[in-house]
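>>> Sharing a model that was predicted from the sequence below.
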Protein chains: 2
Amino acid sequence: MKLKAKYIDMDTGIIIALLHDDDAREMGIREGDRVKVIHEGNTVTALANLSDTFVLRGQVGLLGSSFKFVGPEEDELIEVQIAPRPESIDYIRKKMDGLELSTTEIEVIIQDISSRSLSPIEMGAYVTALHIRGMNTRETADLTISMVKTGEVIKFDKGPIYDFHSIGGVPGNKITLIIVPIVAAAGCLIPKTSSRAISSACGTSDIVETFCNVELDAKKLKRITEEIGGVLAWGGALGLAPADDLIIKAEYPLGIDPHPQLLASVMSKKKAASADFLLMDIPMGDGTKIKTMDEAKSLARDFIALGEKLGIKVECAITYGGQPVGRAIGPALEAREAIQIMEGAKSPSSAIEKTVALAGLLLDMGGGYGGQQRARDILGSGKALEKFRQIVAAQGGKENITSDDIKIGEFAVDVLARRTGYVSVIKNRELVKIARAAGSPNSKGAGILLAKKAGMKVDAGEKIFTIHADNMDKLQTALKTAEKLEPVLVAGMVLETVPSFTRVEF
Amino acid sequence: MKLKAKYIDMDTGIIIALLHDDDAREMGIREGDRVKVIHEGNTVTALANLSDTFVLRGQVGLLGSSFKFVGPEEDELIEVQIAPRPESIDYIRKKMDGLELSTTEIEVIIQDISSRSLSPIEMGAYVTALHIRGMNTRETADLTISMVKTGEVIKFDKGPIYDFHSIGGVPGNKITLIIVPIVAAAGCLIPKTSSRAISSACGTSDIVETFCNVELDAKKLKRITEEIGGVLAWGGALGLAPADDLIIKAEYPLGIDPHPQLLASVMSKKKAASADFLLMDIPMGDGTKIKTMDEAKSLARDFIALGEKLGIKVECAITYGGQPVGRAIGPALEAREAIQIMEGAKSPSSAIEKTVALAGLLLDMGGGYGGQQRARDILGSGKALEKFRQIVAAQGGKENITSDDIKIGEFAVDVLARRTGYVSVIKNRELVKIARAAGSPNSKGAGILLAKKAGMKVDAGEKIFTIHADNMDKLQTALKTAEKLEPVLVAGMVLETVPSFTRVEF
């Protein structure tokens, strides 16, 4: 049917053709059907939306970018035809029924997602089916590879490529900033890509961008890695496995993170960045994503098995995540703490020990033993700081950066203990809420500096933590949040001691 | 945050607030979050969509009807705040996890659907979770009641109320047009509401509107029912359980019909129309929705059990649906055949016998036996025709209507047998495709008239069926479709005989 093109000044990322109810009925089209919109050799497949108000009979409304792509004049006649629904819907239904999907079926689903051919209803169905039915390792590997194919793949002329990933969930986990220079200073290549915070107080990229540029393209990432050994880049700028972002948009409103999708999300980016050796940090404990050792081990096994299928050697460190790593939470505060450690600070020991342990594990993955001692030596000798400064300079930051260069929030308030005792509980999630209330991660100077950590003695009136912010309003909001949430509990005795990390053996 | 209102000349039925990426980040809002949009006491909760193109920083785009509801001037400052996500999402997740939902939880889900508070992603998740996990009878009853509460409820001053429903799937099933007058002529009240065709050749309302108005409001439906005993109305005009339509919109693109939703869809409309006795017609056989007797019995048991919870006495007739009922398919053709039967025609026997049998079962549900003989007598005596004419007149149709008043498609072509033999197979779905190609149900005169049915002898060159259409183009399209699909097979012998209906005893 020939319809007059109407431009609609909006775009939602979904390709929609708005048809009048009566035209749609005549063509046998229902809401949610696909139509082909054709004009002078330009064709888009759009989702039919029906209206009896916003288009007249004989009109077809097209949104912003698809109108431009099809390219008609306003009111020019363009051809609209019913089109078959995407094949991938059949495969999503197959997964709903609990059946295993073939390599091709998974690839077709991911291609359709990547080309935005699936409607939000269908995306909701996909992530729900995956959440309920899951996938075996073979399917998950195919899912990962299919996702890799939707974006850029970075190949290096040297190797092997070392990589590190924390699944997150513990605040203050700034160790990546130190692990990368240690590993690079040991002569290994570690092109680390990180994310910005979504629901956490801050991601590694939020920290790094307080002192240098994180938005590197693939070419620059490759060059810096090959020249210096390490890089601290924001993954989002690289276009690795972009289907992942579209899938996350469907998971987020439902508050689900289907297991195979979680695995594929991490591993597709590592595969696209050509990782050979990957160390995973799995923080475990109250207030983290992983509550029990069994859960942590099961996740570790899944990453290792998936890595085998993908040709990536994976090891997992299950680490103590029951309270923040180190003392600082928030972009600038964490940057300062990490640089201070590289400058030779002897505390906070939780951050130092976790860094040394994990950097050591990663070094050992390339062969040999004694990685932990090598990591400690590299950190202690100042070589880590030197390598860090090279990376920062290569990414457009200040030459010879020091911890004093980092500006933390000028507005600060101390939170004091009401009673004397031992700190028994530090609540991760509540600290994150306070840090975010203070403006973290967008407000770079905002965050929390812990004066006391779990197990320490505190006297009534003594400082437990300081809240920093870049303005007074946010500081007050954060303080109110802190008063409401009581993120630190002080009790009469130490309850338990827990080792700071556990190496998992299978 | 105060943002300038921007009117967007479009509406998709979803309440969207289009925010600039940077404003959204500042408010901590992600795509898919909810925002409250407030202006002079008018508040809407909208789904946040993000863009860096179609709104500027400091602007919020609102679509057609929500802009009007909130009521600002263009560029006037209005308040936009982050809002919590709907509670029902937690309950949808509970269903994803395979858990039983409480009465309140189900009610909240249906209320949120009804108020269009759930996004398409969330609707996709709901129907997928329901499809995979199902519901027990208690949950399904709560679902039904919740759906009833979203719309009109019709109460009658007299009773009891008889009702009839076919789950469909067999073409030519015009028996409702005759059952209603028979039951009403027997002194019972039967306010029958029907649907229009979605994927079938025609629904009961498509047939009825060839000779009278089907869009009655609740008041008129009540008055005609109480005065005359029966009515043949389009359910869509009555606003019964309107949440159903919104749920169907999410099921349709996925091609699923979750079992509890299927049951609730039917029963909510019956409950809202105050049915006391409900007879269900479950056509079974090749080319219908129900393939086996086990499946049919299981569905029958589910309807009966649900009816018990709802205070509706349900009986189910599993009927033979392996070929069309009667000979006519298409609105006018079916209307004419039904009226001819009421006028005393002795064939087609499949339509007459099914009508009499089901009308009899329904009459017996009110107490007593011998309903089938009463139904046959009422039909044979002309009382059914008389009652039918009263109903048609009350609904604005011609006084003393006869079968000659129905205009069938003037353009017709006969399809002839290529060989001599017995008709072994008549394919329901293929006939539906041909009838729809001829223009049914929108083109009222279009359809198919079968000259031969399964088991009949046919000579080479003899007419098997006639295609009717209201214009030559459609006729040719339908003929081409018929030539491709071969809807009738002629073989050397009769394969099997099957009784025309089975009464299910439990």
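The structure has been received and is ready for your questions. Numbering: from 1, shown residues only, chains lettered A, B, ... in the order given.
>>> which residue packs closest to the residue positioned nearest the centre of chain A, ignoring adjacent ones?
Closest residue to the average C-alpha location of chain A: A:Ser195 at 4.4 Å, with CA atoms, centre = their mean. Spatial nearest neighbour of A:Ser195, excluding adjacent residues (CB to CB, 6 or more residues apart in numbering or on different chains): A:Gly203 at 4.8 Å. (C-beta placed from N, C-alpha, C; glycine too.)
>>> Provide a list of residues in contact with the one you found.
Counting by CB atoms under 8 Å, 6 or more residues apart in numbering or on different chains, A:Gly203 touches A:Gly168, A:Ser194, A:Ser195, A:Arg196, A:Ala197, A:Pro441.
>>> Spit out the contact partners of the third one.
Remark: with contacts taken as CB under 8 Å, 6+ apart, A:Ser195 is in contact with A:Gly203, A:Thr204, A:Ser205, A:Trp234, A:Gly235, A:Gly236.
>>> Which members of those residues define the maximum pairwise distance?
Spatial extent of the contacts of A:Ser195 (CB to CB) is set by the pair A:Thr204 and A:Gly236 at 11.9 Å.
>>> So these two - more neighbours on which side?
Higher neighbour count among A:Thr204 and A:Gly236: A:Thr204, with 30 against 16, using other CB atoms under 10 Å in any protein chain shown.
>>> Show me where the stretch 251-400 of chain A has its strands.
A:277-284, A:313-320, A:328-329 (DSSP state E, counting those that start in this stretch).
>>> For the residue in chain A that chain B sits nearest to, give me the pLDDT.
At 2.6 Å from chain B, A:Gly124 is the closest residue in chain A, using CB to the nearest CB. At A:Gly124, the pLDDT value in this model is 97.
>>> In chain A, what helix or strand scores lowest on average pLDDT?
Sorting the helices and strands of chain A by mean pLDDT, DSSP states H and E puts strand A:501-503 at the bottom, at a mean of 46.
>>> picking up where we left off before, what about the closest residue to the residue of chain A closest to chain B other than its chain neighbours, helix or strand, and which?
Nearest residue to A:Gly124, sequence neighbours excluded (CB to CB, 6+ apart): B:Gly124, at 2.6 Å. Assessed by DSSP states H and E, B:Gly124 sits inside helix B:120-133.
>>> quick one: the residue nearest to A:Lys155 when sequence neighbours are not counted and A:Val214, what's the gap?
Leaving aside its chain neighbours, A:Lys155 sits nearest to A:Ser274 (5.8 Å; criterion: CB to CB, 6+ apart). A:Ser274 sits 20 Å away from A:Val214, going by CB to CB, to the nearest Å.
>>> of these two, who's got more company?
Each of A:Ser274 and A:Val214 has its neighbours counted (other CB under 10 Å); A:Val214 has more, 24 against 18.
>>> Verify the stated contact: A:Lys155 with A:Ala273.
No: the pair A:Lys155 / A:Ala273 is not scored as a contact, 9.6 Å apart, by CB atoms under 8 Å.
>>> Among the two, which residue is more densely surrounded?
Ranked by neighbour count (other CB under 10 Å), A:Lys155 and A:Ala273 place A:Ala273 first, with 28 against 10.
>>> Is the more buried one in contact with A:Ala233, as I believe?
No: the pair A:Ala273 / A:Ala233 is not scored as a contact, 9.4 Å apart, by CB under 8 Å.
>>> what's the overlap in contacts for the two?
Shared contacts of A:Ala273 and A:Ala233, defined by CB under 8 Å, 6+ apart, are found at A:Pro191, A:Thr193.
>>> Phi and psi next, for the nearest residue to A:Arg57 once chain neighbours are set aside.
Nearest residue to A:Arg57, sequence neighbours excluded (CB to CB, 6+ apart): A:His20, at 4.8 Å. Main-chain dihedrals, A:His20, degrees, to the nearest 10: phi -70, psi 140.
>>> what's the spacing between A:His20 and B:Asn471?
The value you get for A:His20 to B:Asn471, if CB to CB is used, is 21 Å.
>>> Pick out whichever of the two has more residues nearby.
A:His20 (21 against 15).
>>> Okay, now the unreliable bits of chain A?
Where chain A drops to pLDDT under 70, the residues are A:492-506.
>>> Could you chop it up by domain?
As assigned by automatic domain parsing, chain A contains the domains A:2-83, A:408-491.
>>> want to throw those into TSV with distance to B:Val356?
As requested, the domains of chain A are exported to TSV (distance: least, CB to CB, whole Å):
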stretch	distance to B:Val356
domain A:2-83	35
domain A:408-491	69
